[in-house]
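A.B. asks: Here is my input, please return the structure:
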Amino acid sequence: MNIYVLLKRTFDTEEHIEIKNGLVIEEGAEFIINPYDEYAIEEAITLREKHGGTVTVVTAGTESCEKELRTSLAMGADRAILINLEDVQEADHHTISELVAAYLSKQDVDIILGGNVSVDDGAGQVASHVAEKLGINQVTAITGLKLAGNNVQIERDVEGNVEKIETSLPILMTCQQGLNEPRYPSLPGIMKAKKKPLERIELKDLDIGESQWKPKTETVERFLPPPKEEGKDIEGEAEQQAKELARVLKKEIKVVGRGEDS
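C.D. replies: A predicted model of the protein is given here:
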């Protein structure tokens, strides 16, 4: 069974982000595997342990992504692929998905797994675009998965409820929290990861023209949200508190419609 995992390198969720001249300052910042992608890696390894096959982790980025790819290999993936974007000035979701799909279209794919969203932008676009380009089944936000030959039984999160789906391979699925508990890389795993293959793919190897993958969106500005203001205590009896809260929401914060204080 050929299992592929889509991986994204993101800022550590605890990291303090700095922006200068519209650019995110990466120097000294800590990067990690997107946490939702860790569920995908764990599920891929679990499937391989039960059904056999190989697990290949794929990302599109620069040489700096090799650290996260090596971490996935230390977790138990068999090989890693880096689609080199060193010469690409800016890549949006369209760019990434077109290049990843171009690579996967040349592979013998049974299952593709990815994170449901990334913690940096929360878009959740790339995986679905890849499935569409490859013309294969796709199910998002899965929380349960069973395989029986070519048959796939899936449970997915639907606004706090569970939807059960039965379909077939090949398939792309995005993984939601609750699907599994990702393993930590062990010391033997870290040592083995150094010898596992990490292949770099150049854009010329993908047989895809720039007109097909060039970004469809343009980033015009990056800025941090304004600092949070101090909270305000509302005192008095319940009725007085309710009136004061309504006034603050209308007059100061202006999040509800205008009107007379009641």
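A.B. asks: Quick check on the nearest residue to I111 once chain neighbours are set aside: phi, psi?
C.D. replies: Closest residue to I111 apart from its sequence neighbours, by Cβ to Cβ, 6 or more residues apart in numbering: I3 at 4.7 Å. Any C-beta I mention is one placed from the backbone N, CA and C, and that applies to glycine too. Here is the backbone geometry of I3 (degrees, to the nearest 10): phi -110, psi 130.
A.B. asks: For I3, report the pLDDT, please.
C.D. replies: pLDDT for I3: 98.
A.B. asks: What are the neighbouring residues in contact with it?
C.D. replies: Counting by Cβ atoms under 8 Å, 6 or more residues apart in numbering, I3 touches 44, 47-48, 53-56, 110-113.
A.B. asks: Across the sheet, point out what pairs with it.
C.D. replies: Applying DSSP bridges to I3 gives these bridge partners: V55, I111.
A.B. asks: hmm, back to that, pipe the contacts of I3 into TSV and attach distance to H94 per row.
C.D. replies: Converted to TSV, the contacts of I3 look like this (distance: Cβ to Cβ, whole Å):
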residue	distance to H94
A44	25
L47	29
R48	31
G53	30
T54	29
V55	27
T56	23
D110	26
I111	24
I112	18
L113	21
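A.B. asks: what about the residue nearest to I111, distance to Q153?
C.D. replies: 17 Å (Cβ to Cβ, to the nearest Å).
A.B. asks: try P182
C.D. replies: Counting by Cβ to Cβ, the gap from P182 to Q153 is 22 Å.
A.B. asks: Mind checking which of those two has more residues around it?
C.D. replies: Using other Cβ atoms under 10 Å as the criterion, P182 and Q153 rank with P182 on top: 18 against 13.
A.B. asks: Any regions of the protein where pLDDT drops low?
C.D. replies: The chain contains residues with pLDDT under 70 at 257-262.
A.B. asks: Grab the longest helix from it for me.
C.D. replies: In the chain, taking DSSP state H as the definition, the longest helix is helix 35-51.
A.B. asks: Give the buried residues for that one.
C.D. replies: Using 16 or more other Cβ atoms under 10 Å as the test for burial, helix 35-51 gives 35-48.
A.B. asks: What is the neighbour count of G236?
C.D. replies: Per other Cβ under 10 Å, the neighbour tally for G236 reads 10.
A.B. asks: Do I have it right that it meets A242?
C.D. replies: No: using Cβ atoms under 8 Å, G236 makes no contact with A242, being 9.5 Å away.
A.B. asks: Helices of the stretch 51-200 of the chain, start to end?
C.D. replies: In the stretch 51-200 of the chain, the helices defined using DSSP state H, counting those that start in this stretch lie at 66-75, 93-104, 126-134, 187-193.
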